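Undergrad: After the sequence you'll find the predicted model.
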Amino acid sequence: MAHFPSEFSLDEVTKEMLLAVIEKKKKWERLEKRTTILQVASFVGLAAFLLYVIANVSAVATWSERLAWFFAAPVHIFILLLLCTVYWLAVYYKGKSEKAEDDFHALRCEIIQKSIDLWKDEEQWNGRHRLFEWLKREYDINLYYEHS
């Protein structure tokens, strides 16, 4: 849970919106990281498995013998299913990551559009840039522009 420095005087609505955008950013980053790890794991696993199969199949002469060799060992099917599962998980988390990114950007844009309502008095309005800089520095959240 994020805590804002005491120098920022925020009302509850603004604070809740900012906490929500921080949480959505963290969720998006977590899903992006998980997606990348799964993509790398599926690629490395597939490359290693293909190298193993190519190295061992080259000694067998015909295609039917190669297929028979491959399917004779149940571990080959298990590895293939495992690789397919890891790839499917990567695709699944990629979709969740894209949805989390869309949710994050929608809330971020809503905050930007409602800035005039969230920072009502002149002192808050003039000091909001310090809060925006802090959010950019701490969480890499840009509340200056909608398209960034």
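TA: Received it, and whenever you're ready, just let me know what you need. Numbering: from 1, shown residues only.

Undergrad: residue contacts, the residue positioned nearest the centre of the chain?
TA: Nearest to the mean C-alpha position of the chain, counting by CA atoms, centre = their mean, stands Glu32 at 1.8 Å. When contacts are counted by CB atoms under 8 Å, 6 or more residues apart in numbering, Glu32 touches Ser97, Glu101. C-beta: built from backbone N, CA, C; applies to glycine.

Undergrad: from the chain's centre, how far out does the helix or strand harbouring it sit?
TA: Taking DSSP states H and E as the definition, one finds Glu32 inside helix 12-57. Its chain's C-alpha centre and that of helix 12-57 lie 6 Å apart, by CA atoms, centre = their mean, to the nearest Å.

Undergrad: Can you name the next helix or strand after that helix?
TA: With elements assigned by DSSP H and E, the helix or strand that comes after helix 12-57 is helix 63-72.

Undergrad: how many degrees apart are the helix or strand just after that following helix and helix 12-57 in direction?
TA: Scanning the chain past helix 63-72 towards its C-terminal end, the next helix or strand to appear is helix 74-113 (assignment: DSSP H and E). Here helix 74-113 runs at an angle of 160 degrees relative to helix 12-57 (axes from the mean of the first three to the mean of the last three CA atoms, to 10 degrees).
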